[in-house]
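Visitor: just to be clear, the model below is a prediction. Sequence and coordinates:
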Amino acid sequence: MSQSISITDEGLKSVSHKAPLSEVLKAYETQGWLRPLDLAFAKFLQQHYPNTCGSVLLMAVWGSHQLGRGHLCLDLAMLLESPEQLLALPPEGRRHDDLPLPSQLMPASRPQWQLPTLLARLKASPLVEVEENDGVDAFNDPNSQRRNAPLVLSQGRLYLRRYFDYECQVSALIHQRLNTTVTPPQQQRQSLDALFASLKSDAERSGEQVHWQSVAAALASRSGFTVISGGPGTGKTTTVVRLLALLQNQAINSDGGGRLRIKLAAPTGKAAARLSESLAGARDQLPPELIDTIPTEVSTLHRLLGTRHNSRRFKHHSGNPLHLDLLVVDEASMVDLEMMAQLLSALPEHGRLILLGDKDQLASVEAGAVLGDLCQYADGGNYNPQTLAYVQQQTGIDLRDYAGEGTELDQQVVVLRHSHRFDANSGIGRLAKAVNDGNIAAVKQHLSQPSADLGTRVLIDEQDRNLERLCVVGDDNDVRSQKQGLPQGYGNYLSQMHQGLAKLAEQAQSIGDSATGWQSLLEQQDQLIHKLHTAFAQFQLLCAVREGEYGVQGLNRRVAEALRSQGLIEQTQGWYSGRPVIVTRNDYGLKLMNGDVGICLPVFDEQGERRLKVAFLTIDGGIKLVMPSRLSDVETVFAMTVHKSQGSEFAHTAMVLPPADNPVLTRELLYTGITRARHWFTLLMPRPSLVNTMIKRRTFRSSGLGQRLRKPQV
Ligand SMILES: Nc1ncnc2c1ncn2[C@@H]1O[C@H](COP(=O)(O)OP(=O)(O)OP(=O)(O)O)[C@@H](O)[C@H]1O
């Protein structure tokens, strides 16, 4: 920031350090502790409200900083209690040297940093609108001057206006949908029994265990809003496909006789492609007469809502709603608050919404933890007597062990608790569960006794070549299952690439100007591109942090060097054959989305010229070839952060932990990394004890959404 804000409040002018607060904050920005946007926001507020006191402006800076870290609001009590912890300052791996810490800027010994005083100052400020519980507040006063104030204070939480509005909007629209109840037809019980009979184990058939898939379908059939959460392979897609068949059949046989307009979507292209694949498998298991009633197309949320060039707003919104009766959104844990608000606004009034996802995964990259807030009490069920009676009547299932006093929302949230992908002997399944349960002893046991699908490597230091070996050749450890072949490294797709490219080059020599010859070569080239993408997805190295030798760049460098030394790639910089890249920002012009992965290859065009292009796969199974020079926001993806890997799965996933602790190392991060593995998981760690620290540390996001969603409606 060229001009600093001047925060001149009494008591803030000089803190325990000599420099005035404005200079300290500027230094925070220079050191990368704060974003330029955070200070620019405070400066903007000060220009429009010149007499604002310093403590209020400082809260605006912290509020903006927290938003950048995924929190919806600033929790004031937590801020005053443990500022460094809440604000995560100094950031990941930085030292504070001469910079004063936030607790030194807000010394608890001064009266102004007592919660009641701070709240009083905020309430008195024209910058802040207040939402009070008792209803006597600016919100209910049509003459209030503060209705458009840039900050909102609610229940001890300070929001930036836009995010407060999103929170209220999401809550109101979910309530509206929860109020849309549907009375299932008389014969639904028989249909549900028939559709789910083949999915029940003996224990579920006898009533010894709850068959949660039937419960989920029964609950979703009665409401305009349902959440189905479950870990990998717990049968979310299978359940929803059978539910859709049920509802579609009911609609076709109803008096109106019309088909439901059903749409399916996911937050990223990768997640959409994955849903599309498992949807096809689940459809095939339906009775033949029902298969065609289920759509096959899955789109990204952006495509569903219709992006507009250079605009945050979509084509579909409350004034131009989507043309559908029922929407299923997969990987809902990745949907942030802003996107959820836009999605809910774009639904037609009668449109039903079913969210699928894994509540235990990391929250969205952008602000909010919507799925987590929706599923706050999901493990206990908390089903009220009406729900118990309804489920008993519809499925014969007794849910008394999950009875409670849950709110209207809690009645429509179901957790699928049994993984059909990982059997009782699977190391991945057991490790993921132990991590999720916070059971350190069990985690230790699973890691010390590697099983067919689980391996560990302790890295002695940065020179430990175990990492390179794993990334190049995969794992030839005998302990691993031979059932699916052996876990691969990146050498596999690169060897296939060299062979495939050499074959195409040889063929091109002999074609001459035969048009059919070139046609056939281009077809084989497409097949090769598909094959290489499949081979590339056999292995992925995940990292927990961005910075340093164990971060994305450090590991990308190290893996590329190892591949070059084996002659698998020619260079490690710039564009080269075999370079895999990930898109880091949506490019609406090129129709490439954040998270899309491409592979750089020499590609023949129709004129027989061969040039380096980056080959991406589209959701509908096509290929998109892009000149490298047109790609501005991409990075090499031999290593990928766990955050970026959400919504993707790899046959063999290896996760590297850094040697030193840092606040981003959480239980959710470890769980998300492990659950990206389909057949094999390898954990690489310089310091095994760090796993315990990670399991103990939970991700936390300040939000009022959970409370708001559960507030009784008047
Ligand atoms: N009740 C069941 N009994 C046996 N197998 C099942 C059952 N439900 C689902 N499956 C099988 O388990 C596998 C995973 O199911 P599905 O794809 O529906 O799970 P998911 O929760 O959507 O998985 P993902 O983690 O990929 O999102 C599929 O092969 C499916 O056929």
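Guide: That came through fine.
Visitor: quick one: residues contacting residue 634.
Guide: By CB atoms under 8 Å, 6 or more residues apart in numbering, the residues touching residue 634 are 581-584, 598, 614. For every residue, glycine as well, the C-beta is placed using N, CA and C.
Visitor: kindly give the local confidence score, pLDDT, for it.
Guide: Note for residue 634: predicted pLDDT of 96.
Visitor: who does it bridge with?
Guide: residue 583 (DSSP bridges).
Visitor: for the remainder of this discussion, apply numbering that starts at 218.
Guide: I'll keep to 218 as the first residue from here, and by that count the last item is residue 851.
Visitor: how close does it get to residue 800?
Guide: Residue 851 is 6 Å from residue 800, where distance means CB to CB, to the nearest Å.
Visitor: what's around the closest residue to the ligand within the stretch 618-767 of the chain, how many residues?
Guide: Across the stretch 618-767 of the chain, no residue is closer to the ligand than residue 637, which sits at 3.3 Å (CB to the nearest ligand atom). Around residue 637 there are 14 other residues, counting by other CB atoms under 10 Å.
Visitor: got a list of what the nearest residue to it once chain neighbours are set aside touches?
Guide: Once flanking residues are discounted, residue 637 sits nearest to residue 450: 5.2 Å by CB to CB, 6 or more residues apart in numbering. Counting by CB under 8 Å, 6+ apart, residue 450 makes contact with 636-639.
Visitor: re earlier: what touches both of residue 851 and residue 800?
Guide: Shared contacts of residue 851 and residue 800 (CB under 8 Å, 6+ apart): residue 815.
Visitor: isn't residue 778 up against residue 789?
Guide: Yes. Here residue 778 reaches residue 789: they are 5.8 Å apart, a contact under CB atoms under 8 Å.
Visitor: state the distance from the residue nearest to residue 637 to the ligand.
Guide: As judged by CB to the nearest ligand atom, to the nearest Å, residue 450 and the ligand stand 4 Å apart.
Visitor: name the element that residue belongs to?
Guide: In this structure, residue 450 sits in neither a helix nor a strand according to DSSP states H and E.
Visitor: what pLDDT is listed against it?
Guide: For residue 450, the model assigns a pLDDT of 88.
Visitor: same thing with residue 699?
Guide: pLDDT, residue 699: 52.
Visitor: what number of residues lie near residue 285?
Guide: So residue 285, with other CB under 10 Å, has 14 neighbours.
Visitor: could you do residue 722 as well?
Guide: 13.
Visitor: residues touching residue 769, list them.
Guide: Contacts of residue 769 (CB under 8 Å, 6+ apart): 760, 763, 852, 856-858.
Visitor: apologies, that question was intended for residue 447.
Guide: So residue 447 contacts 453, 573, 575, 632-634 (CB under 8 Å, 6+ apart).
Visitor: quick check: residue 857 is in a helix.
Guide: No. Residue 857: not assigned to a helix; according to DSSP: H, G, I helix; E, B strand; the rest coil it is strand.
Visitor: about what we covered before: just the element for the residue of the stretch 618-767 of the chain closest to the ligand, please.
Guide: Following DSSP H and E, one finds residue 637 outside all helices and strands.
Visitor: against residue 429, how distant is it?
Guide: 12 Å.
Visitor: quick one on the thing from earlier: reformat the contacts of residue 851 as CSV; add pLDDT, distance to the ligand and neighbour count.
Guide: Shown next, in CSV, are those (pLDDT from 0 to 100; distance: CB to the nearest ligand atom, whole Å; neighbours: other CB atoms under 10 Å):
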residue, pLDDT, distance to the ligand, neighbour count
798, 97, 25, 21
799, 96, 21, 20
800, 94, 23, 24
801, 91, 25, 15
815, 97, 23, 27
831, 98, 27, 24
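Visitor: now, the most widely separated pair of these?
Guide: Across the contacts of residue 851, the longest distance by CB to CB is 13.7 Å; it joins 801 and 831.
Visitor: need the contact list for residue 691.
Guide: Neighbouring residues of residue 691 by CB under 8 Å, 6+ apart: 703-706, 708-709, 756, 869.
Visitor: residue 680: neighbour count?
Guide: 8.
Visitor: repeat that for residue 792.
Guide: Counted with other CB under 10 Å, residue 792 comes out at 15.
Visitor: I figured it was touching residue 844, is that so?
Guide: No. Using CB under 8 Å, residue 792 makes no contact with residue 844, being 9.7 Å away.
Visitor: strands paired with the helix or strand harbouring residue 829, and their directions?
Guide: Secondary structure from DSSP H and E places residue 829 in strand 827-834. Next to strand 827-834 in the sheet, as set by DSSP bridges, lie strand 814-821 (antiparallel), strand 840-843 (antiparallel).
Visitor: ok so, going back, would you mind giving the contacts of residue 691 as CSV with secondary structure added?
Guide: Converted to CSV, the contacts of residue 691 look like this (three-state DSSP):
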residue, secondary structure
703, coil
704, coil
705, coil
706, coil
708, helix
709, helix
756, strand
869, strand
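Visitor: tell me the residues of this protein that contact the ligand?
Guide: 416, 430, 447, 449-455, 495, 499, 637-638 (CB under 6 Å from any ligand atom).
Visitor: can those residues go into CSV with extra columns for distance to residue 511?
Guide: Compiled in CSV, those are given as follows (distance: CB to CB, whole Å):
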residue, distance to residue 511
416, 16
430, 16
447, 20
449, 22
450, 20
451, 20
452, 16
453, 15
454, 11
455, 12
495, 12
499, 8
637, 20
638, 22
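Visitor: between the residues you listed, which is nearest residue 827?
Guide: Once CB to CB is applied, the member of those that ends up nearest residue 827 is residue 495, at 36.6 Å.
Visitor: now do the contacts for the closest residue to that closest one other than its chain neighbours.
Guide: Among residues not flanking residue 495 along the chain, residue 454 sits closest, at 4.5 Å (CB to CB, 6+ apart). Going by CB under 8 Å, 6+ apart, residue 454 touches 492, 495-496, 498-499, 547, 573.
Visitor: just the element for the closest residue to the ligand within the stretch 218-367 of the chain, please.
Guide: Evaluated by CB to the nearest ligand atom, the stretch 218-367 of the chain has residue 287 as its residue closest to the ligand, separated by 23.1 Å. Under the criterion DSSP H and E, no helix or strand holds residue 287.
Visitor: average pLDDT for stretch 525-541?
Guide: Averaged over stretch 525-541, pLDDT sits at 88.
Visitor: distance between the ends of it?
Guide: Start-to-end span of stretch 525-541 (CA to CA, to the nearest Å) is 20 Å.
Visitor: got a list of contacts for that stretch?
Guide: 478-480, 519, 521-524, 559, 562-566, 568, 805-806.
Visitor: centre of the chain to that stretch, how far?
Guide: Stretch 525-541 sits 22 Å away from the centroid of its parent chain (CA atoms, centre = their mean, to the nearest Å).
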